[in-house]
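**Student:** Show me how the following folds:
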Amino acid sequence: MAVTLTLAEALAARPNDHRSLRADFEKASGLSWHAPTPAALAAGHALSVVVPARNTAHSMRPVLDALATQNTHGSVEIIVVDDASTDSTADIAEAHPAVDMLIRLRDPGGAATARNVGTALASAGTIVYLDADMVIGPHVLADMAARSRPDTVLLGFRHNVRYTPGLDGSAQIPTRSPDLAADHRVTWRSNGGKQLYTGVVLDGPTTGRPLDETDDFQKLGHGVTYLDWDLPRTVVTALLAVPREKVVNVGGFDPTFGRIGWGMEDTHLGAALIASGCLVVPLRQCVGFHLDPPDADAQWETKLAGWPNTLAYYRMLLDGPVPSGRAGAFHAHTEQLLADAEVITR
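**Tutor:** Presented below is the predicted three-dimensional model:
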C-alpha cells in the first residue's frame, strides 16, 4: 500500500545539493555559475516574463524599460497582468513597446491570481516571475535562460530603494549597482524573541547570513532551518525563474493567500516545487532594484497585519497532501478568469 506523504514530510525527504548541476554548467559553458552571461549563451532558451501589476504606475515604466534593454539572444515574451488597477498602470503597459501581451483583469484577485493568468498564457517552458517594481540589469534574463532546467528553481535577489520621483512621477533608479547584501536572504536582522515564521527563539538582536552560512541554501535541504529560514521561504517571486510545466502540475499559486492577507503564496509554491523534485539554486549576479511606492510605510504596515493569516493557512497546507496532478483545475480556473478579462496582444 502506497504511503501518502504530507507536504511537510515530502520537504523533509528532499535534498538541495546542486553542486553537480552547477559544475555541469560551468564545464559546458566555461563560465562561473554566478557570472553575468554573454548574450549568445542564452540562444535557444526561451523565456516568458510574467509581470503581475496593481497600482504600480510609479515603477511600471522603468521596469519595462529595463526589460526592453536585456542583452540576450534567447527568445523573450513579456506578459503584464494588470490586477484591476485604479491608476495608470495598464495604460503605461499598453503603450510600452516591450510588452507582448497585456491582460486586464476585471476584478482584483491578488498577485497569485495575476501570476496564474500570465502562466496560463505563457508560451515558453521557463517562466520568469518579475514584480512590477523590480528593475533588473541587462544580463539577468540571459543569466536565467542559460541556466534554466525543467527541475530547477532559480532565485534572483532584490535591493530595496526608497521612492524618489522623476519629472514624470516614475521612481528614479539609483546610478550605483544594486547590492546583493541588501536582500534579506543575504543579510537578515532580527530584534530577537520568538520568530513568527519558524517559532525559533532568539536571545537578543541577531544578524544572520542565510545565503553564505547555508552554502547557497544547500544546507536547507531535508526541511532544515537556519534562524528563521527554511528552503521554501527562500523562494521569492520578486525575481524568480521556474519550469512552467511543474508550476502548472502543482496547480500554480494558491489564490486563497491573496484573499486572506499578504504574502506566503510564493513560499507555498516553493514548497510544492521542492516536493515535486526541483532544486532551489541562487544566482548571486541577478540582483535588481526594488522600487518602493510613495506610501511604502503604510503599505508595509498593512502587509504585516495580514501576514499571520497567510502564515496560518500555509501551515495548514503543509499538513495536507503534496500538490500534484492539478493541471486541469489550474486551466479551468484561469480560463474562467480570462473569459472576463481584456487581452491585448501585439
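**Student:** Helix, strand, or coil at the residue most central in space within the chain?
**Tutor:** With distances taken as C-alpha atoms, centre = their mean, residue 237 lies nearest the centre of the chain, 1.3 Å away. Under DSSP: H, G, I helix; E, B strand; the rest coil, residue 237 falls in the coil class.
**Student:** Now do the helices in the stretch 51-200 of the chain.
**Tutor:** With DSSP state H, counting those that start in this stretch as the criterion, the stretch 51-200 of the chain has helices at 57-68, 89-95, 111-121, 140-147.
**Student:** if you compare those helices, which one is most tucked away?
**Tutor:** Of all the helices of the stretch 51-200 of the chain, helix 140-147 has the most neighbours on average by mean count of other C-beta atoms under 10 Å, namely a mean of 26. C-beta coordinates here come from the backbone N, C-alpha and C atoms, glycine included.
**Student:** how big is the angle separating that helix from helix 57-68?
**Tutor:** Per axes from the mean of the first three to the mean of the last three C-alpha atoms, to 10 degrees, the angle that helix 140-147 makes with helix 57-68 is 50 degrees.
**Student:** and the helix or strand residue 313 falls within, average pLDDT?
**Tutor:** Using DSSP states H and E, residue 313 sits in helix 296-318. Mean pLDDT, computed over helix 296-318, is 91.
**Student:** Does anything pack onto it? Which helices or strands?
**Tutor:** When contacts are defined as 3 or more C-beta pairs under 8 Å, 6 or more residues apart in numbering; DSSP states H and E, helix 296-318 sits against helix 7-12, helix 256-260, helix 265-275.
**Student:** Ok, which of those helices comes nearest residue 294?
**Tutor:** Minimum separation from residue 294 across the helices and strands packed on helix 296-318 (C-beta to C-beta) falls at helix 256-260, 22.3 Å.
**Student:** which residues are in contact with that closest one?
**Tutor:** Contacts to helix 256-260, defined as C-beta atoms under 8 Å, 6 or more residues apart in numbering, come from residues 109-113, 263-265, 268, 306, 309-310, 313-314.
**Student:** Now do the strands in this structure.
**Tutor:** Taking DSSP state E, the strands of the chain run over residues 47-53, 76-82, 101-104, 126-130, 134-135, 152-161, 188-190, 193-194, 201-202, 206-208, 239-243, 279-291, 342-345.
**Student:** Mean pLDDT and mean neighbour count added to those, as a markdown table?
**Tutor:** Converted to a markdown table, the strands of the chain look like this (pLDDT from 0 to 100; neighbours: other C-beta atoms under 10 Å):
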| stretch | mean pLDDT | mean neighbour count |
| --- | --- | --- |
| strand 47-53 | 98 | 26 |
| strand 76-82 | 98 | 26 |
| strand 101-104 | 98 | 22 |
| strand 126-130 | 98 | 26 |
| strand 134-135 | 98 | 25 |
| strand 152-161 | 98 | 22 |
| strand 188-190 | 97 | 14 |
| strand 193-194 | 96 | 12 |
| strand 201-202 | 96 | 12 |
| strand 206-208 | 97 | 15 |
| strand 239-243 | 98 | 24 |
| strand 279-291 | 98 | 23 |
| strand 342-345 | 96 | 13 |
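**Student:** so can I have JSON lines of those showing distance to residue 24?
**Tutor:** Listed next are the strands of the chain as JSON lines, based on distance: least, C-beta to C-beta, whole Å:
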{"stretch": "strand 47-53", "distance to residue 24": "20"}
{"stretch": "strand 76-82", "distance to residue 24": "24"}
{"stretch": "strand 101-104", "distance to residue 24": "34"}
{"stretch": "strand 126-130", "distance to residue 24": "17"}
{"stretch": "strand 134-135", "distance to residue 24": "29"}
{"stretch": "strand 152-161", "distance to residue 24": "11"}
{"stretch": "strand 188-190", "distance to residue 24": "30"}
{"stretch": "strand 193-194", "distance to residue 24": "42"}
{"stretch": "strand 201-202", "distance to residue 24": "38"}
{"stretch": "strand 206-208", "distance to residue 24": "30"}
{"stretch": "strand 239-243", "distance to residue 24": "17"}
{"stretch": "strand 279-291", "distance to residue 24": "12"}
{"stretch": "strand 342-345", "distance to residue 24": "37"}
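**Student:** which of the contacts of helix 256-260 are buried?
**Tutor:** Neighbour-count burial within the contacts of helix 256-260 applies to 109-113, 263-265, 268, 306, 309-310, 313-314; the criterion is 16 or more other C-beta atoms under 10 Å.
**Student:** Once you drop chain neighbours, what's closest to residue 87?
**Tutor:** Setting aside the residues directly before and after it, residue 87 is nearest to residue 57 in space (C-beta to C-beta, 6 or more residues apart in numbering), at 4.4 Å.
**Student:** Could I get the pLDDT score of the one you found?
**Tutor:** Predicted confidence (pLDDT) for residue 57: 96.
**Student:** Could you measure from it over to residue 75?
**Tutor:** 29 Å (C-beta to C-beta, to the nearest Å).
**Student:** Could you do residue 329 as well?
**Tutor:** Residue 329 is 29 Å from residue 75, by C-beta to C-beta.
**Student:** swap in residue 7?
**Tutor:** In terms of C-beta to C-beta, residue 7 sits 34 Å off from residue 75.
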